[in-house]
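Undergrad: Have a look at this prediction, sequence included:
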Amino acid sequence: MLKEIVSDKYSKLALGWFAIMTLWWIFLLLTGSTEGANNLAFGVTYGTVLTLAVGIIGIRAATYWGNWGSVMGKAIIVLSLGLLAQFFGQLVFSFYNIVLGVDIPYPSVADIGYFGNIPLYLYGIILLGRASGVKVGLRSFSSQLFAVLVPLAMIAVTYALFLQEYDFASTDVLTIILDFGYPIGQGLYVAFAILVFSLSRKVLGGIMRGRIILLLVAYIAQYIADFNFLYQNLNGTWYNGGYGDYLYLVAYVCMALGLFQVRSVALKLREKSERL
């Protein structure tokens, strides 16, 4: 798998971008910088460039799988749209911070992208499960139990940390929807990612196995980054260029590598069919 990653041009570009952003982040860490133009620039650059580029390349790569005509093609399109939704949210965030020079309000237009990312990722993981051979019906008792307990556990943790003492009386309806929707929705898509991986261990095989697992890892990395953002934001410790941004960088790179490797497989299969 590592050999395939380093031999793919787009994967090498993603790893190169990761290395550059890592060096930049280490510089911020060593200087102790928590605010200012350098922190803002990092917060804007690491995510917007990667999510836009990977989203566009992913949609183009879906053509090799037949676009909406195949389960894998659908999965790639949906995942790519999820990244583009994230790009939109970060673009609006950057506009408020850099152009307007003010903190972004909550809720804001950026939440169209950030919150819209959740159903796209959730649908994407369901499609990945189908593409990896997971059956819709969960026949074994252990699988059924796992499918119920994991989402419930994730929701229970997010409720206990963020929503237990929620003040409904002084909060508007849209804010309530987002405050509950973010942690519960993110908990659901990572729970489904774990579920799909657990159920697909015996059916994943051949050339696609490592690629699908890498995409599932990206889902979990994204959840960790989102969960950490909610926690830091709740405690007032979030700042641009901090370790929270670096967690997002790792998640985006994992997603990029997964999508690029799926693209690489499709190209190889097409070249093989053309030679026959």
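TA: Ah, there it is. Numbering: from 1, shown residues only.
Undergrad: start to end distance for stretch 67-74?
TA: The straight-line separation of the ends of stretch 67-74 (CA to CA, to the nearest Å) is 6 Å.
Undergrad: now what about that stretch, what contacts it?
TA: 62-63, 65-66, 77, 127, 130-131, 262 (CB atoms under 8 Å, 6 or more residues apart in numbering). Glycine gets a C-beta too; all of them are placed from N, C-alpha and C.
Undergrad: and with 10 Å instead?
TA: 59, 61-66, 76-78, 123-124, 126-132, 208, 211-212, 262, 265-266 (CB atoms under 10 Å, 6 or more residues apart in numbering).
Undergrad: Also stretch 26-41?
TA: With CB under 10 Å, 6+ apart as the criterion, stretch 26-41 contacts 24, 42, 94, 97-98, 101, 237, 239-243, 245-246.
Undergrad: For it, the averaged confidence score.
TA: In this model, stretch 26-41 has an average pLDDT of 87.
Undergrad: likewise stretch 63-76?
TA: The model assigns stretch 63-76 a mean pLDDT of 85.
Undergrad: Please identify the buried residues of that stretch?
TA: Neighbour counts over stretch 63-76 (16 or more other CB atoms under 10 Å) mark 64-65, 71-76 as buried.
Undergrad: who touches the spatially most central residue of the chain in this structure?
TA: Centroid-nearest residue in the chain, with CA atoms, centre = their mean: residue 222, separated by 4.3 Å. Residues in contact with residue 222 (CB under 10 Å, 6+ apart) are 82-83, 86, 117, 121, 186, 189-190, 193, 247-248, 250-252, 254-255.
Undergrad: Any regions of the stretch 51-200 of the chain where pLDDT drops low?
TA: In the predicted model of the stretch 51-200 of the chain, residues 132-148, 150-151, 162-163, 198-200 satisfy pLDDT under 70.
Undergrad: Strands of that one, start to end?
TA: For the stretch 51-200 of the chain, strands defined by DSSP state E, counting those that start in this stretch do not occur.
Undergrad: for it, what spans make up the helices?
TA: For the stretch 51-200 of the chain, the helices defined by DSSP state H, counting those that start in this stretch cover 71-94, 110-131, 141-158, 173-200.
Undergrad: what about stretch 154-164, distance to the chain center?
TA: 21 Å (CA atoms, centre = their mean, to the nearest Å).
Undergrad: Also stretch 13-26?
TA: With CA atoms, centre = their mean, you get 18 Å for stretch 13-26.
Undergrad: what do you get for stretch 240-256?
TA: Distance, centroid of stretch 240-256 to centroid of chain: 10 Å (CA atoms, centre = their mean).
Undergrad: now stretch 120-130
TA: Worked out by CA atoms, centre = their mean, stretch 120-130 lies 12 Å from the chain centre.
Undergrad: Same question for stretch 94-103.
TA: Using CA atoms, centre = their mean, the offset of stretch 94-103 from its chain centre is 24 Å.
Undergrad: Please tell me how far stretch 220-236 is from the chain's geometric centre.
TA: Using CA atoms, centre = their mean, the offset of stretch 220-236 from its chain centre is 13 Å.
Undergrad: now do stretch 23-30
TA: 23 Å.
Undergrad: Take the buried residues of stretch 63-76 and write them to JSON lines, including distance to residue 159.
TA: JSON lines is the format used below for the buried residues of stretch 63-76 (distance: CB to CB, whole Å):
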{"residue": "64", "distance to residue 159": "42"}
{"residue": "65", "distance to residue 159": "38"}
{"residue": "71", "distance to residue 159": "33"}
{"residue": "72", "distance to residue 159": "35"}
{"residue": "73", "distance to residue 159": "36"}
{"residue": "74", "distance to residue 159": "32"}
{"residue": "75", "distance to residue 159": "30"}
{"residue": "76", "distance to residue 159": "33"}
